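*Asks:* Okay, predicted coordinates and the sequence, questions at the end:
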Amino acid sequence: MSLVGRVKLLAVTHLQAVRDDRVLFSQLDFSLHPSEMLQIVGPNGTGKTTLLHGLMGLAPLSAGEIFWQQQSIQESPHLFRQNVSFLGHLLGLKMLLNPIENLVFLLQLRQKKVSPNTIEHALAKVGLAGYEDVPIANLSAGQKRRVALARLFLEQSPLWILDEPFTAIDLAGVQALEGWLQQHCQQGGMVLLTTHHVFTAGVPVRQLDLSQFAERS
Ligand SMILES: Nc1ncnc2c1ncn2[C@@H]1O[C@H](COP(=O)(O)OP(=O)(O)OP(=O)(O)O)[C@@H](O)[C@H]1O
C-alpha cells in the first residue's frame, strides 16, 4: 500500500538531554520530511539512544519540543504513537512464543488486525520462512532481530524510528534492510535511525552528527 498522502512531518526544536548532571546534547533542532531518511551519528555515549527514547517518551528530555504534523507530541502523544513504529535495542519479543504469536500480540497492542497469511508473508520477506513455529528463545540473534523487523511491514507506520537496526544482521540481510529502508522512503515514508553502519554509496540518507550538539565546556 502506498503511504503517499498520509505521511506526516516530524520536527524537533531546542531539545536537550541531561544524564547524571551531564548535558549530552542541547539546542538540537531537526526535521524530517516525507521520503527522507535521517541517520543520527556520533561516538559512543553521545546520546543517540537517549534521543530516540526521548522522542518515544521512554526517557525524559530536559528541554525542547517535538512536533508531529505541527502538533506538539507532548500535548497529543496518541497521534504520534499511531504513526510511528519504534525498534529499539530490546526487541520486545516473548521468548516462549513463536514469531507469529509474537507479531499477533504486538499488533494487537496497536489495535491492528492482520491475517495469519500476511504475517507469514512478512516473515518470509525477512528470511524466516520455515521458522514460523519456532519459539523465539530458539532463534539466533539475527533471526530474533528479523522477527522484530517484520513488524515494520505489518504496522505500516509512515515513520520508522530504529535504534541500531543492522545489529546482528548478516551481509545479505544488511543489503536487504538497506533496500527496505529505501523502499519505505520511496513510498513516502520516513526513517529516523541510529547506526554505525556505513550505507552503500547511492543510498539517499542525510546525516546528523549529534556530537555537534554536545555542551562545550
Ligand atoms: N538511565 C540512565 N542513567 C544514567 N545515565 C544514562 C542513562 N541512560 C544513558 N545514560 C548515559 O548517557 C550517555 C548516552 O547514552 P546513549 O545510550 O544515549 O549513547 P549512544 O550515543 O546511543 O551510544 P552508543 O553509540 O554506544 O550506542 C551515556 O554516557 C550513558 O551512560
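*Replies:* Right, received. Where do you want to start?

*Asks:* State the pLDDT value of residue 217.
*Replies:* Here, the pLDDT recorded for residue 217 equals 52.

*Asks:* and what of residue 165?
*Replies:* 97.

*Asks:* Flag every residue of this protein that's near the ligand.
*Replies:* 19-20, 24, 42, 44-50 (Cβ under 6 Å from any ligand atom). Bear in mind the C-beta positions are built from the backbone N, C-alpha and C, glycine included.

*Asks:* try 5 Å this time
*Replies:* When proximity is defined as Cβ under 5 Å from any ligand atom, the chain approaches the ligand at 19-20, 44-50.

*Asks:* Quick one: the helices in the protein, in order.
*Replies:* With helices called from DSSP state H, the chain shows them at 48-55, 77-82, 99-109, 116-125, 141-155, 171-186.

*Asks:* Least confident of the ones you listed, on average?
*Replies:* helix 77-82 (a mean of 91).

*Asks:* And for residue 172, nearest residue in space, chain neighbours not counted?
*Replies:* Nearest residue to residue 172, sequence neighbours excluded (Cβ to Cβ, 6 or more residues apart in numbering): residue 127, at 8.0 Å.

*Asks:* residues touching that neighbour, list them.
*Replies:* Counting by Cβ atoms under 8 Å, 6 or more residues apart in numbering, residue 127 makes contact with 146, 172-173, 176.

*Asks:* And those residues, which two are furthest apart?
*Replies:* Spanning the widest gap among those are 146 and 172, at 11.3 Å by Cβ to Cβ.

*Asks:* Those two: which has the busier surroundings?
*Replies:* Between residue 146 and residue 172, residue 146 has the larger neighbour count (other Cβ atoms under 10 Å), namely 25 against 9.

*Asks:* Tell me if I'm right that that one and residue 126 touch.
*Replies:* Yes: applying Cβ atoms under 8 Å as the test, residue 146 and residue 126 come out as touching, 4.1 Å apart.

*Asks:* circling back to that earlier point, how close does the residue nearest to residue 172 sit to residue 149?
*Replies:* For residue 127, the distance to residue 149 (Cβ to Cβ, to the nearest Å) stands at 10 Å.

*Asks:* now residue 97
*Replies:* Between residue 97 and residue 149 the distance is 17 Å, computed by Cβ to Cβ.

*Asks:* Compare those two and say which is more crowded by neighbours.
*Replies:* Taking other Cβ under 10 Å, residue 97 and residue 149 do not tie; residue 149 has more neighbours (24 against 15).

*Asks:* In contact with that one, which residues?
*Replies:* Going by Cβ under 8 Å, 6+ apart, the list of residues near residue 149 reads 87, 126, 165, 177, 180.
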